[in-house]
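Colleague: Fold the following.
(one chain, ligands or ions: 2)
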Amino acid sequence: MPHVTYPGFPRIGRRRELKRALESHWKGETPAAELLKVAADLRQRHWKLARDAGADGVPVNDFSLYDHVLDAAVSVDAIPSRYRALFERDALAGYFAMARGRQDNQVDLHALEMTKWFDTNYHYIVPELSAGQRFAARPDKAVAEFREATETGHAARPVVLGPITFLRLSKTIDGSDPLALLDALLPAWLGVIDALAEAGAEWVQVDEPALVLDLDEATRDAYLRAYAAIAKHATVRILLATYFGGLDSNLELAVSLPVAGLHVDLARAPEQLDAVLDALPADKVLSAGILDGRNVWLSDTTHIRPRVETLHRRLGDRLWLSTSCSLLHTPIDASEEKNLPGQLGQWLSFARQKISELRRYADAVTGDLAAKQTLDRQHEIVAARLSSPEVVRNDVRARVRGLTPQFGQRRSAYAHRVAVQRERFGLPDLPTTTIGSFPQTIELRTARASHRSGKLADDAYLDILREEIRHAVRFQEEAGIDVFVHGEPERNDMVEYFGEQLEGYGFTSLGWVQSYGSRCVKPPIIFGDVARPRAMTVEWSAFAQSLTDKPMKGMLTGPVTMLQWSFVRDDLPRAEVCRQIALALRDEVHDLEKAGIGIVQIDEPALREGLPLRRADWAAYLEWAVDAFRIAAGGVSDATQVHTHMCYSEFNDIIEAVAAMDADVISIETSRSRMELLDAFTRFQYPNGIGPGVYDIHSPRVPAEGEMADLVARALQVLRPDQLWINPDCGLKTRGWPEVSEALKGMVAVARAARARLVAVT
Ligand code: GLN
Ligand code: ZN
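Modeller: Numbering: from 1, shown residues only. Ligands and ions are numbered 1, 2, ... in the order given. Below you'll find the predicted structure:
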C-alpha cells in the first residue's frame, strides 16, 4: 500500500489565527507565551486534520512563525551580527527583528531582505552571510516540533531546507560566493540532523527545490560533495525533495545522490514520470507528487489514475503518494466555502481535500472498492466541469480563435504616434504623472468595509468615492502634475476589482494563502471562460475627467497580472486564458477611448515574476505574455496614448520584451535599486516613452529634491529628453497624504528645474 503524505502544510490557519496572534504580539498586546500556544494549537490541529483526511505520516518543522528560510538560517546560527545581542537576550524578539526590523529606544535594526520563493507568490527572508562565516547547530525548534507530533502519536517526518538550496537562496554582504561556505555549513547542518535522529526521527525530508533550476558546474559539484558527506555521517533516512518543476538536465544528478528517497513534482512536470522511473535506483523510495500543491482543483482522474497505476506497478511498496509541493500555496478547506457561484464549490480541492484525494488514489490502486467508486464519481464531477456552460462559452472561444496578428498591432509605429499625441496633449518635456492610486485613508477603508457589510448605503458610499476623486484632482492641479489619475479609491485590490466584474472569476471567503509573515492574499479563482458583461471603469474615469482639463489616465490591470495573481483553471493553457482576459480588457480600453479618455494605463507589475524558472522556457512565455498585452492595447487610435507600469527592479534581462510591448509610455520601479535599471539602456536603446521612478514609495520618507534631481540627471545620461517621464516608482495607496503631497510637489519642482536646464542647453 503506498504511503500517503504531503511535503508541508499551510501555517496561518483557516481563519488566519496565526496572523491575528502575530500582529497582536507585535503590537505588544499578546505575550510571547500566548502566541506560542496559538502556534502549537495550530500545528496539532493541522496534523489531526491531515491524519483524519487520510495521511499516514505528517511533515513537521514545516511550520514557521514567519518564514521557513529564516528558520533554516537560525537553525545553523546564521544570525547577522547586528541582531545577535537582541537574539541572545530574547530569541523571539531577535527572530522577528530579522524578519521585520525593530525600532525602539534601544535598537534601530532594519529587516533582512525579502524575495520571492521560486516562482510562487510566497516571499522568503534572504539569509545574509559573509565569507569566513561560522555556523552552529540550533536544532531546538525542529526537535521540539518533532516531539510534539510524536507525543500525540503521529508518524512524523521533520522537514529541513537542504544545504545547497539554502546557500543558493542566501546572499553575502561581501559579494563572495555563498557556495564557498558549504564546508563550514555542513557540520552545523548535520548537527541538526543528528539531533533529530537522536530524538527518534527515522526519515528527514530535505528540501532541495534548487534541483529544478539551471545549475552550473560548481553547484552540481557542490551537490555531489554535500550529499556524499551527509550519507557518510547521517543515520536517518533522507527524502530528497524537489518541486516546482521537472528535474530535466539534473535528473541524473538527483538520482545519483546517496539518499533513501526522492520526491518529484509530477504535477508541474508529469512528462518526467517515465524518465524518473527508469533512472531511479532499485533501493530508493519515490515520493510521487501527483497532485498539484499550488492549485485548487479537484484532480482529473483521467490523468492521475493511470499515473498512479504505473507508479504502483513499477515501485510496489517503494511508492509514496504526495502533493507536488508543500500545501503552503493552497487554502486549507474548500468545504468551508459557502458563497461560491454555481457548481464551483464541487470542483475545488484545497489542502484538506487534496490529502483525501491522495488517500483515495492509494486505496483504489490497491483494490479498495469504495475508493474506486469515489474516484469514478470524482471523474464524473470533473468531466461535467470541463463541459459545463458555466465554464465553456462558445462566444469567448470563437473570439480567441479569431485572433490575428493585427489585433496586437497599433495602427502606426511609435514615431508617428508620438507626434500625433504630442499635438493632442501638448505636454511639456519631462512630463509628470503618478502610477494610479492615491493614499487609501482609514476613512476610505472603513467606508468600504461598511459598504461591503451593508451598513453603508450605495449612494452614501459613492458620494464618499466621488469626494475622494474631487480631492485627488484638486491636489494634482495644485501640485502642478501634467497627467492626472483619479486615484483608484473605488478599488481595494487591483486584481479583485476587475475579477469581480468579469465572468469566469470566483471569489472565496476563506481562501487565504500566505504571502509573507502575517500577510495573506485571497487570490481569485479563474474557473471559466472570461468575458466582460459591461464596462468596468468608464464611469469613474469619465467622472474624473469631467473635473479637469488636464488629461486623465484610465487605469486597468493587465492580462498577465490578472492571470499571475489568481488561481488559474487547469483545463486550458495559461496563454489561452490570458488571451481571453486580454480581449475583455481590449473592450474596456475601447470604451474608455469612446468616452473621451485619451490616455489609458494597463498595469503589468507581475509580468516579470511570471518568468519560468528555466531560461530555456523564457522566450515562449514572453512571447504570449507580451502578445496578450498587445492585444489589450491594440486597436486604439494613434492619438490614444497607452501607458504601462511595471514594478520589479531586475528586468534588465527582459528589457527587449518590455520594449516589444510597444506601450507609448512605461513607468517603472527603479529608485530603490538606485537606477540600476538604467544600465540596461546603455546596452539597449529603449525606444518609447519611459519614466524610471524617482520617488521610492516603499518607504514613508519624503525624498529630498536633490536626490530626485540626481536620479533625473542620471536618467538623462542614457535616455533622450523627449522620451523621459517623471513619476514615482509605484502606486501611492499605502502612503499617507502629508508625505505624498510634499514628495509630489518636490517631484514637480525637480521636473520644472530640469526642463529649464534643457531649454538652456538647446
Ligand atoms: N495602478 C496601480 C496603483 O497605483 C499599480 C499598482 C502596482 O504597481 N502594483 O496602485
Ligand atoms: Zn508598481
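
Colleague: Enumerate the residues of the stretch 551-700 of the chain near ligand 1.
Modeller: 555, 603, 605, 645, 647 (CB under 6 Å from any ligand atom). C-beta: built from backbone N, CA, C; applies to glycine.

Colleague: could you dump those to CSV with pLDDT?
Modeller: Shown next, in CSV, are these (pLDDT from 0 to 100):
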residue, pLDDT
M555, 98
D603, 98
P605, 93
H645, 97
C647, 86
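
Colleague: H3 and W320 touch, don't they?
Modeller: Yes: contact criterion CB atoms under 8 Å: H3 and W320 qualify, at 4.5 Å.

Colleague: higher neighbour count, the two?
Modeller: Between H3 and W320, counted using other CB atoms under 10 Å, the more crowded position is W320 (26 against 19).

Colleague: Doesn't the more buried one lie inside a strand?
Modeller: Yes: under DSSP: H, G, I helix; E, B strand; the rest coil, W320 sits within a strand.

Colleague: For it, which non-adjacent residue is closest in space?
Modeller: Leaving aside its chain neighbours, W320 sits nearest to S287 (4.0 Å; criterion: CB to CB, 6 or more residues apart in numbering).

Colleague: how would you label that neighbour: helix, strand or coil?
Modeller: strand.

Colleague: Okay, and E252 sits in which element?
Modeller: Element membership for E252 (DSSP states H and E) is helix 251-256.

Colleague: which strands and helices sit next to that helix?
Modeller: Contacts defined by 3 or more CB pairs under 8 Å, 6 or more residues apart in numbering; DSSP states H and E place helix 251-256 against helix 217-233, helix 273-279.

Colleague: so can I have JSON lines of those showing mean neighbour count, mean pLDDT and distance to V473?
Modeller: JSON lines is the format used below for the helices and strands packed on helix 251-256 (neighbours: other CB atoms under 10 Å; pLDDT from 0 to 100; distance: least, CB to CB, whole Å):
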{"stretch": "helix 217-233", "mean neighbour count": "16", "mean pLDDT": "98", "distance to V473": "54"}
{"stretch": "helix 273-279", "mean neighbour count": "16", "mean pLDDT": "98", "distance to V473": "59"}
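
Colleague: Just say helix, strand or coil for the residue in the stretch 501-650 of the chain positioned nearest to ligand 1.
Modeller: In the stretch 501-650 of the chain, the residue found nearest to ligand 1 is P605; the distance is 3.9 Å by CB to the nearest ligand atom. Secondary structure, three-state DSSP: P605 is coil.

Colleague: Also V473?
Modeller: When classified by three-state DSSP, V473 comes out as helix.

Colleague: Skipping its backbone neighbours, what lies nearest it in space?
Modeller: Of all residues not flanking V473 in the chain, L547 sits nearest, at 4.6 Å (CB to CB, 6+ apart).

Colleague: what's the spacing between the one you found and D463?
Modeller: 15 Å (CB to CB, to the nearest Å).

Colleague: Counting neighbours, go ahead and name the busier of the two.
Modeller: L547 (17 against 12).

Colleague: Tell me how far the more buried one lies from R474.
Modeller: L547 sits 8 Å away from R474, going by CB to CB.

Colleague: what does D214 give?
Modeller: Noted for D214: a distance of 52 Å to R474, by CB to CB.

Colleague: and if you look at R100?
Modeller: With CB to CB as the criterion, R100 and R474 are 36 Å apart.

Colleague: the more surrounded of these two?
Modeller: Neighbours were counted for R100 and for R474 using other CB under 10 Å; R100 has more, 19 against 12.

Colleague: That one contacts L109, correct?
Modeller: No: checked against CB under 8 Å, the pair R100 and L109 is beyond contact range at 9.6 Å.

Colleague: and the residue of the stretch 151-300 of the chain found nearest ligand 1, helix, strand or coil?
Modeller: Using CB to the nearest ligand atom, the closest approach of the stretch 151-300 of the chain to ligand 1 is made by R294 at 21.6 Å. In three-state terms, and counting by three-state DSSP, R294 is coil.

Colleague: Apart from its neighbours in sequence, what residue is nearest it?
Modeller: H329 (4.4 Å).

Colleague: longest helix in the chain, by residue count?
Modeller: helix 737-761 (DSSP state H).

Colleague: Give me the mean pLDDT for that one.
Modeller: The average of the pLDDT scores along helix 737-761 is 95.

Colleague: try stretch 452-466
Modeller: Averaged across stretch 452-466, the pLDDT comes to 97.

Colleague: again, but for stretch 656-671
Modeller: 92.

Colleague: Does V513 touch K19 like I think?
Modeller: No: the pair V513 and K19 fails to qualify as a contact (CB under 8 Å) at a distance of 11.8 Å.

Colleague: and the two? which has more neighbours close in?
Modeller: V513 (23 against 18).

Colleague: in what helix or strand does L49 lie?
Modeller: If you go by DSSP H and E, L49 is part of helix 32-53.

Colleague: ugh, wrong one, I meant Y505
Modeller: Y505 belongs to strand 503-506, assigned by DSSP H and E.

Colleague: And the helices in the stretch 101-250 of the chain, which stretches?
Modeller: With DSSP state H, counting those that start in this stretch as the criterion, the stretch 101-250 of the chain has helices at 140-151, 163-169, 182-198, 217-233.

Colleague: Need these in a markdown table (columns: distance to V255).
Modeller: Rendered in a markdown table, the data for the helices of the stretch 101-250 of the chain read as follows (distance: least, CB to CB, whole Å):
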| stretch | distance to V255 |
| --- | --- |
| helix 140-151 | 27 |
| helix 163-169 | 16 |
| helix 182-198 | 21 |
| helix 217-233 | 12 |
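
Colleague: how about those in CSV, adding distance to ligand 2?
Modeller: Below are these laid out as CSV (distance: least, CB to the ion, whole Å):
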stretch, distance to ligand 2
helix 140-151, 36
helix 163-169, 24
helix 182-198, 36
helix 217-233, 33
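
Colleague: so what pLDDT did the residue of the stretch 601-750 of the chain found nearest ligand 1 get?
Modeller: Minimum separation of the stretch 601-750 of the chain from ligand 1 (CB to the nearest ligand atom) falls at G731, amounting to 2.1 Å. Looking at G731, its pLDDT is 95.

Colleague: Would you verify that it is located in a helix?
Modeller: No: G731: not assigned to a helix; according to three-state DSSP it is coil.

Colleague: Look up the closest residue to it, ignoring the ones flanking it.
Modeller: Excluding the flanking residues, the one nearest G731 by CB to CB, 6+ apart is S437, at 3.8 Å.
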